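Visitor: got a predicted structure here, sequence first:
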Amino acid sequence: MIERDLMPINTVDGAGFQDLIGFMEPGYNIPLRTSITSRLEARFEKKKSEVKTKLAAVTAVALTTDCWTALTTESYITVTCHYTDENWLLKSAILITTSMSDRHTADNLAEKLNYIVETWGLSGRVTACVHDNARNIVQANNPTRVSWKSVACFAHTLNLAVNDGFASAGVDRAIAAAGRLVKHFHHSTIATKALEEKQHQMSLPPHRLIQSCKTRWNSVCDMFEHLVEQRWAVSAVLSDRSVTKLADARTLELRDDYWQLMEDMAPVLGTLKCATTVMSAESEVSISNTYPITFSLINTHLSASDEDSPKVADFKEKVRDSLGERMKIQSDDLNTSTPMIATMLDPRHKHLGFLPPATRKSAHSTLLQNGYSRTRQHHCRCRHRWRRR
């Protein structure tokens, strides 16, 4: 129970828990915390051995890693391994979550990653490591420090490009104003209760307002969406002097152009949210969708439209430029990048219809020159497996 529900070990010392067990099974002796700890450690080693056995039969794996800070301000690093089993199903296993007390320099991070790979017996079988765009982790996955490919998380890259668009197009002012309004409702139980009553009176969905956060993907889209949906209920609460003081209402009430901007931004933010959601799938391989989605956004969804307001048009332009630069779509190394190779080997995208004809021809030539024999052997093995089935 403690393992499955991630409960604290001292649960066994709780008076209520002891009374419950005593009522259900009076003769049962509840294990001490030390016994529970020993059993958890034994189960951990057993599970670790099982995962090692599975990974020993795998030809290649990919890693994802991230550094994060707990509420106690302690720093940790988590490394997850991804592979396909004998049934071609994508599987994942968290290899480690461990304290990262040393400085997060590129050398220290690379040393930690190499140590984890060696400990799990994966040396020579790691094809790539997916990480965010922080300079230290990017440098840690440099070929001079590790033996695998470095792949920046596309969802994180897209989020950075979107934030560039918010800052450059002046949308950040509307975001700040909307954030203050949402914060008021989150910190005032009276305002929250009044909003619920107004929602009921106006037959609106009983949705809570959502606060945006720069590091939380799509949170601005969700904040704008819920505010626009609840606009008149929110305005009614701010106009009610028994709930909101006049001085607070004047500070919190959004300008008409901000409301209009949030409504105008809905389509493009919804598209960006969809792209992030697709690339965040856990049960399907998503790397081959990276460049098809990138070029679809740049060439279609972020292109100028006659219906766009000036701010929306400016936002699209800034995001389009930032995304293109961050994804290095004009780089000479585009054809040899891991996501592009994956795209060319994906039957859905192998014709590279999203690329200009000259670039498409060059990409196919690069694939044939550098990996034809290996790819051909792989496809032969695939056909053989399907024939047996």
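Guide: Yep, it's here.

Visitor: contact partners for I94?
Guide: Applying CB atoms under 8 Å, 6 or more residues apart in numbering to I94 gives the contacts 78-81. In this view, the C-beta of every residue, glycine as well, is placed from N, C-alpha and C.

Visitor: how about T65, secondary structure?
Guide: The three-state label given to T65 by DSSP: H, G, I helix; E, B strand; the rest coil is strand.

Visitor: distance of it from W259?
Guide: Note on T65: its distance to W259, by CB to CB, to the nearest Å, is 41 Å.

Visitor: these two: which is more packed in?
Guide: Counted by other CB atoms under 10 Å, T65 and W259 do not tie: T65 has more neighbours, with 21 against 18.

Visitor: and for the closest residue to the more buried one other than its chain neighbours, the neighbour number?
Guide: Spatial nearest neighbour of T65, excluding adjacent residues (CB to CB, 6 or more residues apart in numbering): V79 at 4.7 Å. Applying other CB under 10 Å, we find 20 residues neighbouring V79.

Visitor: regarding V79, what is its secondary structure?
Guide: strand.

Visitor: tell me which residues form a beta bridge with it?
Guide: T65, I96 (DSSP bridges).

Visitor: hang on, isn't it packed against I116?
Guide: Yes - the pair V79 / I116 is scored as a contact, 5.3 Å apart, by CB atoms under 8 Å.

Visitor: list the residues that contact C153.
Guide: When contacts are counted by CB under 8 Å, 6+ apart, C153 touches 64, 130-133.

Visitor: again, only this time at 6 Å
Guide: 130, 132 (CB atoms under 6 Å, 6 or more residues apart in numbering).

Visitor: same question, H226
Guide: By CB under 6 Å, 6+ apart, the contact list for H226 reads 207, 209-210.

Visitor: returning to that earlier point: so how far is D256 from the residue nearest to T65?
Guide: Counting by CB to CB - V79 and D256 are separated by 49 Å.

Visitor: same question for F295.
Guide: From F295 over to D256 the distance is 37 Å, taken as CB to CB.

Visitor: ok, V268 next?
Guide: Between V268 and D256 the computed distance is 20 Å (CB to CB).

Visitor: these two: who's more crowded?
Guide: Using other CB under 10 Å, the more surrounded residue of V268 and D256 is V268, with 21 against 8.

Visitor: and the contacts of the helix or strand that contains that one?
Guide: In this assignment (DSSP states H and E), V268 forms part of helix 256-279. The contact list for helix 256-279 (CB under 6 Å, 6+ apart) reads 154-155, 162, 174, 177, 217-218, 221, 224, 228, 286, 293, 301, 309, 311-312.

Visitor: that one - what's its average pLDDT?
Guide: The average pLDDT for helix 256-279 rounds to 95.

Visitor: so how far is it off the chain centroid?
Guide: 18 Å (CA atoms, centre = their mean, to the nearest Å).

Visitor: can you show me the strands along the stretch 101-250 of the chain?
Guide: 126-131, 149-152 (DSSP state E, counting those that start in this stretch).

Visitor: could I get these as TSV with distance to E317 and mean pLDDT?
Guide: TSV is the format used below for these (distance: least, CB to CB, whole Å; pLDDT from 0 to 100):
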stretch	distance to E317	mean pLDDT
strand 126-131	28	96
strand 149-152	23	96
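
Visitor: make CSV from these and add distance to K350 and mean neighbour count to it.
Guide: Formatted as CSV, the strands of the stretch 101-250 of the chain follow (distance: least, CB to CB, whole Å; neighbours: other CB atoms under 10 Å):
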stretch, distance to K350, mean neighbour count
strand 126-131, 19, 20
strand 149-152, 20, 20
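
Visitor: a markdown table for those strands, including distance to Q369?
Guide: Below are those laid out as a markdown table (distance: least, CB to CB, whole Å):
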| stretch | distance to Q369 |
| --- | --- |
| strand 126-131 | 20 |
| strand 149-152 | 18 |
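
Visitor: ok so, going back, buried among the contacts of H226? Need that as a selection in PyMOL.
Guide: With 16 or more other CB atoms under 10 Å as the burial test, the buried ones among those are selected in PyMOL as follows:
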select buried, resi 209+210
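
Visitor: which of the contacts of H226 lies closest to H104?
Guide: I210 (30.6 Å; CB to CB).

Visitor: so who does that closest one touch?
Guide: 222-223, 226.

Visitor: helices of the stretch 251-389 of the chain, start to end?
Guide: Per DSSP state H, counting those that start in this stretch, the stretch 251-389 of the chain has helices spanning 256-279, 290-296, 310-326, 338-344, 357-388. These are given in chain order.

Visitor: let me redo that: the stretch 51-200 of the chain
Guide: Under DSSP H, counting those that start in this stretch, the stretch 51-200 of the chain gives helices at 106-119, 135-140, 154-169, 171-187, 189-201.

Visitor: could you tell me the least trusted of those?
Guide: Among the helices of the stretch 51-200 of the chain, helix 154-169 carries the lowest mean pLDDT (a mean of 92).

Visitor: leaving out the residues flanking it, which one is nearest to H301?
Guide: T271 (4.7 Å).

Visitor: and for the one you found, the neighbour number?
Guide: Neighbours of T271 (other CB under 10 Å): 16.

Visitor: nearest to G22, of the helices of the stretch 51-200 of the chain?
Guide: helix 189-201 (38.9 Å).

Visitor: in that closest one, which residues are buried?
Guide: Buried residues in helix 189-201 (16+ other CB under 10 Å): 191, 194-195, 198-199.

Visitor: what's the answer for stretch 101-108, then?
Guide: 106, 108.

Visitor: how about stretch 329-349?
Guide: Buried residues in stretch 329-349 (16+ other CB under 10 Å): 329, 334-335, 337-344, 349.

Visitor: for stretch 247-254, same thing?
Guide: For stretch 247-254, by 16+ other CB under 10 Å, it's 249, 252-254.

Visitor: what's that stretch in contact with?
Guide: Outside stretch 247-254, the residues that touch it by CB under 6 Å, 6+ apart are 177, 181, 184, 238.
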